[in-house]
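1. how would this look folded up:
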Amino acid sequence: MSQAEKQTLGFQTEVKQLLHLMVHALYSNREIFLRELISNASDACDKLRFQAIKHPALLEEDPDLKVQISSDEKANTITLEDNGIGMDREDVIANLGTIARSGTSEFLKQLTGDQKKDSSLIGQFGVGFYSAFIVAEEVVVETRKAGTAQADGVRWTSTGDGEFTVEPLEKAGRGTRITLKLKEDAKEFASSFRLRNVIQKYSDHIGLPIQLLKETEEKESEEATQEWETVNKANALWTRGKSDIKDEEYKEFYKHVAHDFEEPLTWSHNKVEGKQEYTSLLYVPKRAPFDLYHREAPRGLKLYVQRVFILDNAEQFLPLYLRFIKGVVDSSDLPLNISREILQQNPQIDSMKSALTKRVLSMLEKLAKDEDKYQEFWKEFGQVLKEGPGEDFSNREKIAGLLRFSSTQEDEQKVSLAQYVERMKEGQDKIYYLVGETLAQIKSSPHLEVFRKKGIEVLLLTDRIDEWLMSHLNEFDGKEMVDVARGDLDLGELDSEEDKKAQEEASEAKKDLVERVKKALEERVSEVKVSTRLTESPAVLVMGAGDLGVQMRKILEAAGQKAPDTKPILEINPEHPLMGRLENETREERFNELAQVLCDQAALAAGETLEDPGQFVQRLNRLLLELSN
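-> Model (predicted):
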């Protein structure tokens, strides 16, 4: 199709759904449309400024970048124009007809139809250009890409009802002009006074002039010259002194830089001087984005060099486990022509990454002093932070201090490792934990019986990443981390001499029973021994010190990989009545049957899936019938 033709196209399905929901859910906060459009215009100017470093001709004869806004109360319209990078026909169709963002489908599934809840969710997703339809019954976009001819302009028109038209346009200047034909109930926004208030409320921090057309008595005259007035501070927020910036300004800048609807949880503004000079402004969001667990999704900080925008999503400045952090970094030392490839090989970047990582961790330590706020953070980003100990060895102890767990004393994930250490019993020199599928399952695990008896706290880990985490977190504050479901259990000084002596005597006394059970289960277990863990249950399965746990096995299987074959250890409780029944069984066939049921029960209690559930049921039925007779 040639550039000269007019074309009518349909919106992507997701756009149709988003438009309908957004227009209704955000009705009570309609003024944010202007913030979003100004933010997009600012980004377009930033991109042109960067490209003009290599290609100055792109600035044509208009080097002063700005955003201009005017309104016409009689016509009931608002016009917003920037002289930024602009778009060609392909850009227009791609950017204004689709949502090219990972997590879109997950986002739409979470929308409920409840306007209040959906308002928050839509804000998390980012409303962008489509927010124009909150107030407009028709939107016209006229644009020309920098470096193209006047005849290469494009006009995009839509009423937001499922279709849009694209047609050629003769446009004198580069950049984008958006005209909104306001709905009858949105006439208030055609007032320049109303527009001024909204700009100063939401966009005062934007680092280029936002100009509003002055109202003059000569406005009706065709000969009257247009007078523009800059209504924002027009200097980059992060370049100002912290004492000069109000909290509200920090919050509004976050919404601009993160394209988020909600306020941030906290932020850190810092200027570094010395061998390296740079300024950073880092934010912790309140909500996780929908693509948080897509590790390949765009992430990172906005990079500026000497206040010139260089890169969006510069991921080189923070490790992957801190991918939720938003903000900007502005360097005085890096070259203006720096690229992503050069960033990966620049030793200055490694130094900045190390310092910025420490700053984020310090920011989180400070946030953790407010338990309620930190719980908000932890529910959204805790699982991502757990990736840290495996990725960042130098900060492992700091990250460990920020982790939160459930325990036998606290159901919610609120227990820090420092709190656990403070509560340790006298003589305890290890931190004990248990990994499982659900809190209910591991709270009733036989592995915890001796710990309950002795009043020893155990951390309860139920997130999918927990077993992987603990494989990289071997100690904290000099205390070894011990999985209570793995290997020989050594309670050290917490075991009395009487306990140890009783254990030795039981092992000797039940030697024959142990051998009989081991022979009956030789296909299923690697070893059978008398347990130090059990006080109530008859038996428990224990992993070898180097074996994969249930969680890691399931993760490997879900990824299509075969987990290595291993056999667990069966520990028996000689004091349990079932052990007495087993020991007195003289019929070998019946003994083997009872041993198999015992092993199946232990597997179920450990959260494992039986290889042959049907056989387990048959054995159990036979035993029940025998009892009934």
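2. and the longest helix along the chain, what does it pack onto?
-> Using DSSP state H, we find that the single longest helix of the chain is helix 32-54. Applying 3 or more Cβ pairs under 8 Å, 6 or more residues apart in numbering; DSSP states H and E, one finds that helix 32-54 contacts strand 67-72, strand 77-82, strand 175-182, helix 192-202, helix 247-258, strand 308-314. Just so you know, the C-beta spots here come from the backbone N, C-alpha and C atoms, and that holds for glycine as well.
3. can you list the ones you listed in TSV and add distance to residue 58 and mean pLDDT?
-> Output for these, formatted as TSV (distance: least, Cβ to Cβ, whole Å; pLDDT from 0 to 100):
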stretch	distance to residue 58	mean pLDDT
strand 67-72	18	96
strand 77-82	14	97
strand 175-182	11	97
helix 192-202	27	90
helix 247-258	24	91
strand 308-314	14	81
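4. I'd like to know which of those is closest to residue 412.
-> helix 247-258 (27.8 Å; Cβ to Cβ).
5. in the following helix or strand past that closest one, what counts as buried?
-> Where DSSP states H and E defines the elements, the next helix or strand beyond helix 247-258 is strand 266-272. By 16 or more other Cβ atoms under 10 Å, the buried positions in strand 266-272 come out as 266-270, 272.
6. just to revisit the earlier point, if you count neighbours, what's buried in the longest helix of the chain?
-> Buried-residue list, helix 32-54, by 16+ other Cβ under 10 Å: 32-50, 52.
7. Distance to residue 61 and mean neighbour count for the helices and strands packed on helix 32-54 - can I get that in a markdown table?
-> Formatted as a markdown table, the helices and strands packed on helix 32-54 follow (distance: least, Cβ to Cβ, whole Å; neighbours: other Cβ atoms under 10 Å):
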| stretch | distance to residue 61 | mean neighbour count |
| --- | --- | --- |
| strand 67-72 | 17 | 22 |
| strand 77-82 | 16 | 22 |
| strand 175-182 | 13 | 22 |
| helix 192-202 | 27 | 17 |
| helix 247-258 | 29 | 19 |
| strand 308-314 | 20 | 18 |
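8. who wins for proximity to residue 454 among these?
-> Taking the helices and strands packed on helix 32-54 one by one with Cβ to Cβ, helix 247-258 is closest: 48.6 Å.
9. Which residues outside the closest one are in contact with it?
-> 35, 39, 42, 201-206, 237-238, 260-264, 267, 269, 281, 283, 285, 302, 326-328 (Cβ atoms under 8 Å, 6 or more residues apart in numbering).
10. one more time with 7 Å
-> 35, 39, 202, 204-206, 237, 260, 263-264, 267, 283, 285, 302, 326-328 (Cβ atoms under 7 Å, 6 or more residues apart in numbering).
11. Same question for stretch 438-458: list its buried residues.
-> Applying 16+ other Cβ under 10 Å to stretch 438-458 flags 442-443, 445-451, 456-458 as buried.
12. And the furthest pair within those?
-> 446 and 457 (17.5 Å).
13. Helix or strand next in line after the helix or strand of the chain with the lowest mean pLDDT, which one?
-> Least confident element among the helices and strands of the chain, by mean pLDDT, DSSP states H and E: helix 115-125 (a mean of 50). For helix 115-125, the following helix or strand on the C-terminal side (DSSP H and E) is strand 136-144.
14. I'd like the mean pLDDT over that next one, please.
-> Averaging pLDDT along strand 136-144 gives 96.
15. chain center to the very next helix or strand once past that strand, what's the gap?
-> Sequence order places strand 153-158 as the next helix or strand after strand 136-144, per DSSP H and E. Taking Cα atoms, centre = their mean, to the nearest Å, one finds the center of strand 153-158 at 36 Å from the center of the full chain.
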